[in-house]
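Asks: need coordinates for the below:
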Amino acid sequence: MATAAFQDFLTTPLQARLPRHLTTSPQDRVVELFRGAARDVPAYREFLTSQGIDSADVKTYADFQTLPLGPLREKLPAGTQQNQSVARQFPAK
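Replies: Alright, predicted model coming up:
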């Protein structure tokens with residue numbers, strides 16, 4: 001069974017596996033991910049509320065880009081190279 005699933009994975013064209021990626025822009029996907037996290041992750045929803053952010057107001061990628069990521073960056077666990085690398089991608093505004 002695992003062999004058949006792996007063979008199916010190898011022989012199925014990428015376009016058939018990832019049709020949404022052909023029709024949804026990365027920017028739209030970012031907004032979808034943000035809205036999903038705001039809806040489904042209590043800690044993230046609490047963080048947004050503490051920052052006075054209503055996720056319903058974030059409708060476009062341009063809206064997403066206005067979010068204050070500095071406070072979120074400060075909450076990343078310190079000390080690991082990966083976290084420091086992620087934090088540098090989101091400079092405080």
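
Asks: please look at residue 63 and residue 55 and confirm they touch.
Replies: No: counting by C-beta atoms under 8 Å, residue 63 stays clear of residue 55, with 10.0 Å between them. Every residue, glycine included, has its C-beta placed from N, CA and C.

Asks: so between these two, which is more surrounded?
Replies: residue 55 (19 against 13; other C-beta atoms under 10 Å).

Asks: which secondary element of this protein has the worst mean pLDDT?
Replies: Of all helical and strand segments in the chain, the minimum by mean pLDDT, DSSP states H and E falls on helix 81-89, at a mean of 56.

Asks: now the helix or strand that contains residue 45: buried residues?
Replies: Assigned by DSSP states H and E, residue 45 belongs to helix 42-50. Going by neighbour count (16 or more other C-beta atoms under 10 Å), the buried part of helix 42-50 is 44, 47-48.

Asks: what does the pLDDT read for residue 70?
Replies: For residue 70, the model assigns a pLDDT of 74.

Asks: tally of neighbours for it?
Replies: Residue 70 has 13 nearby residues by other C-beta under 10 Å.

Asks: need the three-state assignment for the residue most central in space within the chain.
Replies: The centroid of the chain falls nearest to residue 33 when counting by C-alpha atoms, centre = their mean (4.5 Å). Under DSSP: H, G, I helix; E, B strand; the rest coil, residue 33 falls in the helix class.

Asks: pull the contacting residues for it.
Replies: Contact analysis of residue 33 by C-beta atoms under 8 Å, 6 or more residues apart in numbering lists nothing.

Asks: report pLDDT for it.
Replies: Looking at residue 33, the pLDDT reads 93.

Asks: and it, how close does it get to residue 44?
Replies: Residue 33 sits 11 Å away from residue 44, going by C-beta to C-beta, to the nearest Å.

Asks: and residue 20, by the same measure?
Replies: 23 Å.
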